[in-house]
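Colleague: using only what follows, build the 3D model:
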Amino acid sequence: MKIYLQLLLILGFSYLGNLLSSGFNLPFPGSIIGMILLFLALQFKLLKIKDIDMVGSFLINNMTILFLPAGVGIMAKWGLISHFWLQILLIVVCALIVNIFVLGHLVQWLKIKFEGDYISTDLISQKVALDVINQHSRNKKNTPEWWQTQAKKGEQTHVE
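Modeller: Numbering: from 1, shown residues only. All right, here's what the predicted structure looks like:
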């Protein structure tokens, strides 16, 4: 019974989003509005995470099966979209690059803001360079130069 109630809550928010989207002629899909409403309900503690945890985890773990209808739709309408494959590929690649860039900077900013102990890559490379220089200078102090070793062995070091 608990699983049915959790599924009912998730589908209820999705249905509410669809009603709002179609009722107000919004340019956003109803499922997105439903997810935003579910997020707000969780954020403002109208729902607890345990109220939807089991079904939500199941849906996330089996998300690949939920993409099958979209893939079948693409294959069914391939005749219509096959002429635009270059534009679609360009859009997908550009969106991928923008997403990687934005998410990378967002994660870096969040780590600096909330963890505080995150070292940027510039500082890491500077630290590595200083460590190499320091290690080299320590080695230089402990090991004599080649001409110093020859002089200690009693060999002549003058050049003719």
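
Colleague: for stretch 85-92, which outside residues touch it?
Modeller: Contact with stretch 85-92 is made by Ile81, as judged by Cβ atoms under 8 Å, 6 or more residues apart in numbering. Quick note: C-beta positions are derived from backbone N, CA and C, even for glycine.

Colleague: give me phi/psi at Phe28?
Modeller: With angles defined as degrees, to the nearest 10, Phe28 sits at phi -100, psi 150.

Colleague: for it, which non-adjacent residue is closest in space?
Modeller: The shortest distance from Phe28 to any non-neighbouring residue, by Cβ to Cβ, 6 or more residues apart in numbering, is to Ser21 (6.1 Å).

Colleague: I'd like the next helix or strand past the helix or strand that contains that neighbour.
Modeller: Assigning secondary structure by DSSP states H and E places Ser21 in helix 2-23. Sequence-wise, the next helix or strand downstream of helix 2-23 (DSSP H and E) is helix 30-43.

Colleague: which other helices and strands contact that following helix?
Modeller: helix 2-23 (3 or more Cβ pairs under 8 Å, 6 or more residues apart in numbering; DSSP states H and E).

Colleague: average pLDDT for the helix it packs on?
Modeller: Computed over helix 2-23, the mean pLDDT rounds to 96.

Colleague: and if you look at stretch 31-45?
Modeller: Here the average pLDDT along stretch 31-45 is 95.

Colleague: quick one: contacts of it?
Modeller: Here stretch 31-45 has contacts from 10, 13-18, 20-21, 26, 46-49, 52, using Cβ under 8 Å, 6+ apart.

Colleague: give me the buried subset of those residues.
Modeller: Ile10, Phe13, Ser14, Gly17, Leu20, Ser21, Leu47, Ile52 (16 or more other Cβ atoms under 10 Å).

Colleague: ranges for the helices of the chain?
Modeller: Secondary structure of the chain (DSSP state H): helices located at 2-23, 30-43, 53-61, 63-66, 68-76, 78-81, 85-110, 121-142, 146-152.

Colleague: centre-most residue in this structure?
Modeller: With distances taken as Cα atoms, centre = their mean, Leu103 lies nearest the centre of the chain, 5.3 Å away.
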